[in-house]
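# Sequence plus the predicted model coming up.
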Amino acid sequence: MEINLKIDQNVLCKVIINEILKAEGIVYELQSSATVKITKPLAPDKLDQLAKRLLPYGITIIDDQKEAMVQKIKTLIIDMIRGDEESLPMNTSSYLSERLGFSYGYLSNLFSEITMTTIENFLIMQKIEMVKHLLSNHNLTLTEIAYRLNYSSVAHLSNQFRKTTGLTPSAFQRILSMKKEKLES
């Protein structure tokens, strides 16, 4: 027997972090799926113990400030795209600058230095993954998806989708339909 699962990685991550921090008796405030504010200083051995408890779940504590800032950028972009809002903020650069308190130029240079790609490329990849998710799991039209993800037009969304995946959104939907039909029969 096979069971297919839909996993919200953001929720899963928060649950794991909450359970481990509570079990360790650490007083904290969960600020996002990737940022935890520890309200009382931790002894080095307690921090090491926490790191060991998180590691089996693929969660590591970032010591490097530059890498931590890049992770914050990634988390903000992912949360922004997967959020419940009707549509994304109009200007991602202003959104990131306001949320992180640094100029977009600094954030962009830092992101490129650490990841070897641009914030724009990361944003596009995340948007395309969300388009795939919405096409797979929701009954939304391409127009609704384009609006929700702040594309200027359906044509822009379709072109970006094709450049990134090699498929048009319609071809992607046909492939999904064929797979579902095979599974059902």
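In hand now; what should we look at? Numbers count the residues shown, from 1 in each chain.
# and residue 2, how far is that from residue 120?
Distance of residue 2 to residue 120, given as C-beta to C-beta, to the nearest Å: 39 Å. Yep, even glycine has a C-beta here, placed from its N, CA and C like the rest.
# try residue 145
Taken as C-beta to C-beta, the span from residue 145 to residue 120 is 19 Å.
# So those two - more neighbours on which side?
A count of neighbours by other C-beta atoms under 10 Å puts residue 145 above the other of residue 145 and residue 120, at 21 against 13.
# Now the more buried one: closest residue in space that isn't a chain neighbour?
residue 134 (5.1 Å; C-beta to C-beta, 6 or more residues apart in numbering).
# Can you tell me the SS state at the one you found?
helix (DSSP: H, G, I helix; E, B strand; the rest coil).
# Distance from the chain centre to the host helix or strand of residue 178, please.
Per DSSP states H and E, residue 178 falls inside helix 169-184. A distance of 25 Å separates the centroid of the chain from that of helix 169-184, by C-alpha atoms, centre = their mean, to the nearest Å.
# Residues contacting that helix, please?
With C-beta atoms under 8 Å, 6 or more residues apart in numbering as the test, helix 169-184 has contacts from 131, 132, 135, 136, 142, 157, 158, 161, 165, 167.
# if we go to 7 Å?
131, 132, 135, 136, 142, 158, 161, 165 (C-beta atoms under 7 Å, 6 or more residues apart in numbering).
# residue contacts, the most centrally placed residue in the chain?
Closest residue to the average C-alpha location of the chain: residue 78 at 2.8 Å, with C-alpha atoms, centre = their mean. By C-beta under 7 Å, 6+ apart, the contact list for residue 78 reads residue 126.
# Name the nearest residue to residue 67, ignoring sequence neighbours.
Residue 67 sits nearest to residue 114 (C-beta to C-beta, 6+ apart), 6.1 Å away.
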